[in-house]
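>>> My questions concern the predicted model and sequence given below.
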Amino acid sequence: MPPRRKAGFAAAAVVVAVLVVLCVGFAPSWLVGHAPGLGAADRLKAVNDVRATLLQALGGLLALAGVGLGAVLTSRQLLLNRESRSIDLFTKAIDQLGAEREPTRQGAVYALEQLAELDSRYRGHVHALLTSFICSRAPWVPGTTRREGGPAGDVAAAIAALGRGGMIEPGAASELERVDLRDADLTGLVIPRVCFAGANLEGAVLRNASLAGATLTGALLRDADLRGADLSAADLADADLTGVLADATTRWPDGFTPPGAQQLPRT
């Protein structure tokens, strides 16, 4: 038992002992006093009655204190159990992110997202883990073969989890530099302060995505579908926008003219 808890129990025991002594020895006689007209027998009975009443009241107070202490201990135990479950879930999910089977890695992504929703203390850790996971599982290496159907399921799950935003703290940036998201379906993607610098988003579907504050310097966006996308405050320096699909709902930075964009009618 911790020293502070031992000291607390000792102090409580002393207080209880003092109260018992007062209720049994001093308080009854003092409260009855020397009331006129009381004989010795009546006075003794009155003292005993007061003593019984005080002991009953003390017993009730101790019972209430016991209930309160039990509630505190139960609450503390529940908190410790929750913390233990969170730690177990976190460590297990980290192990599963490195598993050989893709469904296991995908399940780990969902588990981490759930943990961030259940315990806000893990949000920053989960955010960092998922961005690192995407960068390590889908790095853009020039000359690599284009993966049919877009990114793998575990990478797509991590991108979707970031897009739901449950683990992203206000003001936090998502560092996704030089990732390979060719042909990815990123419809409606909303990731605050995302950095896709040097990333390959060729053929990606970014319809209605919010990339207003995104960093897309040097990104490859050839043939990407940007209809309805918000790029109004994005950094597009040196981005390759050849053949991107855009329409009247596409929002570009002020004064920016996308080179080689196909301007389609609004749909």
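Perfect, thanks for sending it. All of these numbers come straight from a predicted model, not from anything done at the bench.
>>> dump the residue contacts of residue 157.
When contacts are counted by Cβ atoms under 8 Å, 6 or more residues apart in numbering, residue 157 touches 106, 109-110. Just so you know, the C-beta spots here come from the backbone N, C-alpha and C atoms, and that holds for glycine as well.
>>> Which strands or helices does the helix or strand where residue 104 lies pack on?
Assigned by DSSP states H and E, residue 104 belongs to helix 102-118. Using 3 or more Cβ pairs under 8 Å, 6 or more residues apart in numbering; DSSP states H and E as the contact test, the elements touching helix 102-118 are helix 40-97, helix 123-137, helix 153-164.
>>> My guess is residue 112 contacts residue 92. True?
No - Residue 112 is beyond contact range of residue 92, at 10.0 Å (criterion: Cβ atoms under 8 Å).
>>> Neighbour count: the two, which is higher?
Using other Cβ atoms under 10 Å as the criterion, residue 112 and residue 92 rank with residue 112 on top: 26 against 12.
>>> tell me the pLDDT at the more buried one?
The score at residue 112 is 94. That number is its pLDDT.
>>> what's the answer for residue 260, then?
For residue 260, the model assigns a pLDDT of 64.
>>> same thing with residue 221?
pLDDT, residue 221: 95.
>>> what's the neighbour count on it?
Other residues close to residue 221 by other Cβ under 10 Å number 26.
>>> what's it in contact with, if anything?
With contact taken as Cβ under 8 Å, 6+ apart, residue 221 is in contact with 201-202, 204, 239-241, 244.
>>> just those residues now: which is nearest residue 102?
residue 204 (20.4 Å; Cβ to Cβ).
>>> Quick one: residues contacting that closest one.
Taking Cβ under 8 Å, 6+ apart, we find residue 204 in contact with 150, 181-186, 221, 224-225.
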